[in-house]
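**Q** Pasted the sequence and its predicted model underneath.
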Amino acid sequence: MSTSMEPGRTRPNRRFRARGALVLAMAGLLAGAGATALSGSAQAAGTTLGAAAADKGRYFGTAVAAHHLGEAPYAATLDAEFNSVTPENEMKWDALESNRGSFSYGAADQIVDRARGRGMQVRGHTLVWHSQLPGWVGGLGASDLRSAMNNHITQVMQHYKGKIAAWDVVNEAFQDGSSGARRSSPFQDKLGNGFIEEAFRTARAADPAAKLCYNDYNTDGVNAKSNAVYAMVRDFRSRGVPIDCVGFQSHFNSASPVPGDYRANLQRFADLGVDVQITELDIEGSGASQATSYANVVNACLGVSRCTGITVWGVTDKYSWRASGTPLLFDGNYTKKPAYSAVLSALGGSGGGGGTASCTVSYSRTNDWSDRFNGSVTVTAGSTAITGWSVAVTVTAPQKVSATWNGTPSWDGSGNVMTMRPNGNGALAPGASTSFGFTVMKNGNNAAPALGSCSAS
Ligand code: G3I
């Protein structure tokens with residue numbers, strides 16, 4: 001990789017597109033020569049996460065742990081599906097410089113060299129972070145700490161110069177909660193707020209071609225913490241402090257679900273003139289609800305032109321930092337989960353379940369009074385993601401539907417046949433469900449409504 005990439009450019013993505021074209025050309029040549037299979041890491045366009053993302057001008061990456069690379073299905077899944085990697089722990093300060101001035105690059109080099117040899121890009125994670133910091137750093141006085149921080153950034157970035165697409169220069173420097181304050185750390189406590197700016201300026205000097213990111217969690221929606229990060233980025237941009245990207249870790253679970261304003265939050269950062277990246281995505285759960293959440297994340301990124309890529313925080317559930325929450329796209333046997341199909345479909349790829357769009361419906365009576373009842377219809381997508389659905393609900397005269405919710409109804413001339421369509425976005429991931437409801441005035445007739453078949457698009 002040359003070292004002359006301008007900040008703000010998305011060259012790696014163009015390279016992936018070019019690679020897709022090259023693969024197709026190679027396929028033609030091989031077919032002409034009688035070969036039956038592509039070798040190595042060649043990917044047919046759109047049938048893997050990386051290829052489908054590349055078709056959208058983005059990368060799709062994963063965190064990688066060096067000590068799992070010898071496990072054949074781990075390596076095979078990594079190589080087949082992803083076109084970007086982030087070392088999960090191997091580039092942290094305690095891994096690279098556990099003793100002052102003595103750098104150990106072995107495990108990180110293994111990941112970087114392996115990835116680059118396969119045409120994958122690498123995210124560097126992370127240069128300045130309060131965690132996984134060797135004890136000696138915390139023991140330094142202010143001026144010593146300043147030179148240790150700048151030396152660490154400089155040495156590490158120069159070692160990897162030209163090999164890292166984007167660095168998380170500073171990670172998790174803000175507190176959770178409503179204060180918008182900086183998190184206490186040796187850097188914050190001894191160097192003050194200016195340590196972040198200093199780290200970015202040092203990083204730019206060390207490898208001018210690498211994109212420089214600020215990375216954090218619980219900043220995925222608009223909240224006090226993301227507002228504080230936003231104010232910092234806006235300030236940096238206005239004063240010419242070098243920052244090219246903001247990473248949104250996006251560790252989600254039921255207590256911290258994908259926020260409704262996720263896309264809008266990514267967009268407001270992008271509007272400051274930085275790229276945005278989803279850097280550590282995982283979503284605890286299973287089945288259709290997990291799949292829907294993953295699809296929502298992908299759609300949010302695709303909806304923001306400066307969202308340049310997505311990284312999931314691990315290849316397989318069994319090695320996740322939240323393994324019990326099964327938050328990733330492949331299960332412990334490296335089998336693709338519904339979430340995988342949902343991501344691939346959302347990226348516009350094929351093979352994410354195959355087949356044509358379909359859906360099924362089921363009905364239940366949820367409340368019953370003497371004069372009326374409430375009904376609920378659940379619409380479930382088949383094995384392929386759908387973008388819309390409709391279903392007819394017929395009540396028996398003199399019954400009348402008096403209210404509806406979570407859908408957009410239209411009526412036939414008699415007023416007894418109601419065709420329900422989505423209220424807004426009708427997208428459903430493979431196997432995912434949504435429900436709509438209605439109230440039927442009995443007018444002396446207690447019959448259940450008749451459901452037509454579900455029609456999907
Ligand atoms: O490798 C040692 C092993 O030799 C030892 O026996 C074992 C005993 O505890 O520890 C192993 O190291 C662990 C390391 O992961 C590798 O598995 C560390 O204890 C453990 O603390 C470390 O956890 C990492 C965590 O960061 C540290 O804060 C997770 O793997 C890693 O996924 C996680 O990643 C962070 C991001 O960097 C920043 N954002 C949040 C994200 C999730 O916490």
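**A** Everything's here; your move.

**Q** Where does the chain get nearest to the ligand, which residue?
**A** In the chain, the residue that lies nearest the ligand is W321 (3.7 Å; C-beta to the nearest ligand atom). The C-beta positions use only the backbone N, C-alpha and C, and glycine is treated the same way.

**Q** Quick check, that residue in contact with W313.
**A** Yes: W321 lies in contact with W313 (C-beta atoms under 8 Å); the separation is 7.0 Å.

**Q** more crowded one of the two?
**A** W313 (21 against 14; other C-beta atoms under 10 Å).

**Q** State whether the more buried one and E280 are indeed in contact, as I suppose.
**A** Yes: W313 lies in contact with E280 (C-beta under 8 Å); the separation is 4.2 Å.

**Q** Quick check: neighbours shared by those two?
**A** The contact sets of W313 and E280 overlap at 63, 249, 251 (C-beta atoms under 8 Å, 6 or more residues apart in numbering).

**Q** quick revisit: contacts only, for the residue of the chain closest to the ligand.
**A** Residues near W321 by C-beta under 8 Å, 6+ apart: 313-314.

**Q** can you check V156 too?
**A** Counting by C-beta under 8 Å, 6+ apart, V156 has contacts 91, 96-97, 103, 124, 127.

**Q** Those, buried ones only, as a ChimeraX selection?
**A** Applying 16 or more other C-beta atoms under 10 Å to these leaves a buried subset, and the ChimeraX line that selects it is:
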select :91,96,97,124,127
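
**Q** out of the contacts of V156, which are inside strands?
**A** Members of the contacts of V156 lying in strands (criterion: DSSP state E): 124, 127.

**Q** which is the next helix or strand following the lowest-mean-pLDDT helix or strand in the chain?
**A** Here the helix or strand of the chain ranked lowest by mean pLDDT, DSSP states H and E is helix 11-32, holding a mean of 38. Note on helix 11-32: by DSSP states H and E, the next helix or strand toward the C-terminus is helix 49-55.

**Q** tell me what that next one is packed against?
**A** With contacts defined as 3 or more C-beta pairs under 8 Å, 6 or more residues apart in numbering; DSSP states H and E, helix 49-55 has these neighbours: helix 11-32, strand 59-64, helix 338-346.

**Q** Now do the buried residues in stretch 315-331.
**A** By neighbour count on 16+ other C-beta under 10 Å, the buried set for stretch 315-331 is 315-320, 322, 325-331.

**Q** Now for these: which two are most distant?
**A** Of all pairs drawn from the buried residues of stretch 315-331, the one with the longest distance (C-beta to C-beta) is V315 and G325, at 15.6 Å.

**Q** Ignoring the adjacent residues along the chain, who's closest to A75?
**A** In space, and not counting its chain neighbours, A75 is closest to L69: 5.6 Å by C-beta to C-beta, 6 or more residues apart in numbering.
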